[in-house]
Each structure stands twice: as structure tokens, then as C-alpha cells.
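Asks: structure for this input, please:
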Amino acid sequence: MRFIFNRFPDDPDFHPDEKWTGLKEPTDLWTTQLKAIPFMIFNGALIIVLMGMLGIHFELNMTTMLISFLIFSPIHELIHALFFPEKLTSSNVWLGFTVNGFAPFAAYLGEMKRNTFIRVLLAPFVIISAVGLLFLFIFGSNSLVEHILVFNAVGACADMLGVYYILTQVPRYAYVRNKKIRTFWRITNP
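Replies: Numbering: from 1, shown residues only. From the prediction side, this is the model:
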């Protein structure tokens, strides 16, 4: 695993040719985040409703929100990285942060199956939500855990947008690969 700041990793040997189809997706982080707003609202509302079913009333606190961001962001990205095809010791696995989009990220420079990519995108939302809700079920209300759950769900909005693009544009048995923030796919012969 390698670390990078304020830019996305790029494999200089990968040049998408006519065998690769680019996703119809935003080409910058700000547009991606704008298009992900419906997922942001849905994800946040879902977690708040699930907490309500546990008898917990979420109350926003700005200090706790900032602390929760500092806690869940690296964990969220590390969970992405744990689901990449190669182990964390691989030089194809990157963790980083870009100031331009104010976005932490995990990136993988290799090729992966479409469904593996979907698992990579969904894993942090599912795992952090499941563990957090289980914690609240067992121990009851905890403001920090509640904030982590809500803001992880909100922060997973771009991941959910990515899942939507993959499900609607990429054939089931395709392989997917990124070139910086762009996503490409191809079908290989069995």
C-alpha cells in the first residue's frame, strides 16, 4: 500500500484503447459530489430511520460531527482497500486525500471484476453501518457512534453513485479499471 496527497495515482502503462469503454460519469470530484446528493439524502435518512427504530433520536452536534469525520474517514477508505483484489502490501493499492475535492480516497491500479468493484464500493457503508447499529442495539445511545453512522452514510454517497453507474452501464461479466478518477470496463474472452 502506498500513500499519495493531492492527486490521484495513475498507472503510466494503462492507456484505455478501443477495447475499453469509459463510463458515462462526471470527470471531476465536485460534479460527482453534486450528482451524489440524492444518495447522500437517502443514505443519511436511512441510517436516522434505522436508529429511530432502535429508539435513538439523532441530534446533530458540530464538534462531534468533526470528530466523527476524523475517525470514520480513514476507516472507510481502509475498508475499501481491504476489498481490493490484491493485499494491502501491494504497490497497486493507494490511500490518499485530495484538497481539490476535499476527499479522502482508496484507489487500486489493477483490473477487477465488475462485482468485485461493486463490493469494494459498498463495503464501508455496509460494514460501518452494521457494526455501528449493532453497537447501538447492544449499548444504547452514543452520540459519537451515531454521528459516525450518519456521516459515514452521507460520505458514502459517491460510492453509491458509482454503484449506480456500474449497475446501469457495465455488463455483469466485465472487468473494470480506473485511470485516475475515470472508470473503464471491458469484456474479456473466457
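Asks: could you look up the SS state of the residue nearest the centre of the chain?
Replies: Nearest to the mean C-alpha position of the chain, counting by C-alpha atoms, centre = their mean, stands residue 159 at 3.9 Å. Secondary structure, DSSP: H, G, I helix; E, B strand; the rest coil: residue 159 is helix.
Asks: quick check: closest non-adjacent residue to it.
Replies: Leaving aside its sequence neighbours, residue 159 sits nearest to residue 121 (C-beta to C-beta, 6 or more residues apart in numbering; 4.4 Å). All C-beta atoms are positioned from the backbone trio N, CA, C, and that covers glycine.
Asks: what number of residues lie near the one you found?
Replies: Residues near residue 121, counting by other C-beta atoms under 10 Å, number 21.
Asks: so what's it up against?
Replies: 80, 159-160, 162-163, 166 (C-beta atoms under 8 Å, 6 or more residues apart in numbering).
Asks: with only the CA atoms kept, save stretch 78-87 in CSV.
Replies: Listed next in CSV are the C-alpha coordinates belonging to stretch 78-87 (Å, rounded to 0.1, in the frame of the first residue of the first chain):
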residue,chain,number,x,y,z
LEU,A,78,-9.1,1.3,4.6
ILE,A,79,-12.2,-0.9,4.3
HIS,A,80,-12.3,-0.1,0.6
ALA,A,81,-8.7,-1.1,0.4
LEU,A,82,-9.3,-4.4,2.2
PHE,A,83,-11.7,-5.4,-0.5
PHE,A,84,-9.3,-4.8,-3.4
PRO,A,85,-8.2,-7.9,-5.3
GLU,A,86,-4.6,-7.6,-4.0
LYS,A,87,-3.5,-7.4,-0.4
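Asks: could I get the buried residue list for that stretch?
Replies: Residues of stretch 78-87 classed as buried: 79-81, 83-84 (neighbour count, 16 or more other C-beta atoms under 10 Å).
Asks: repeat for stretch 59-71
Replies: For stretch 59-71, using 16+ other C-beta under 10 Å, the buried residues are 64-65, 68-69, 71.
Asks: go on, stretch 122-142?
Replies: 122-125, 127-129, 132-133, 136.
Asks: now stretch 171-186
Replies: Buried residues in stretch 171-186 (16+ other C-beta under 10 Å): 174-179, 181, 183-186.
Asks: same list (these) but as JSON lines, adding distance to residue 59 and pLDDT.
Replies: Compiled in JSON lines, those are given as follows (distance: C-beta to C-beta, whole Å; pLDDT from 0 to 100):
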{"residue": "174", "distance to residue 59": "44", "pLDDT": "97"}
{"residue": "175", "distance to residue 59": "45", "pLDDT": "97"}
{"residue": "176", "distance to residue 59": "40", "pLDDT": "97"}
{"residue": "177", "distance to residue 59": "43", "pLDDT": "96"}
{"residue": "178", "distance to residue 59": "38", "pLDDT": "95"}
{"residue": "179", "distance to residue 59": "43", "pLDDT": "94"}
{"residue": "181", "distance to residue 59": "35", "pLDDT": "89"}
{"residue": "183", "distance to residue 59": "38", "pLDDT": "96"}
{"residue": "184", "distance to residue 59": "43", "pLDDT": "97"}
{"residue": "185", "distance to residue 59": "43", "pLDDT": "97"}
{"residue": "186", "distance to residue 59": "48", "pLDDT": "97"}
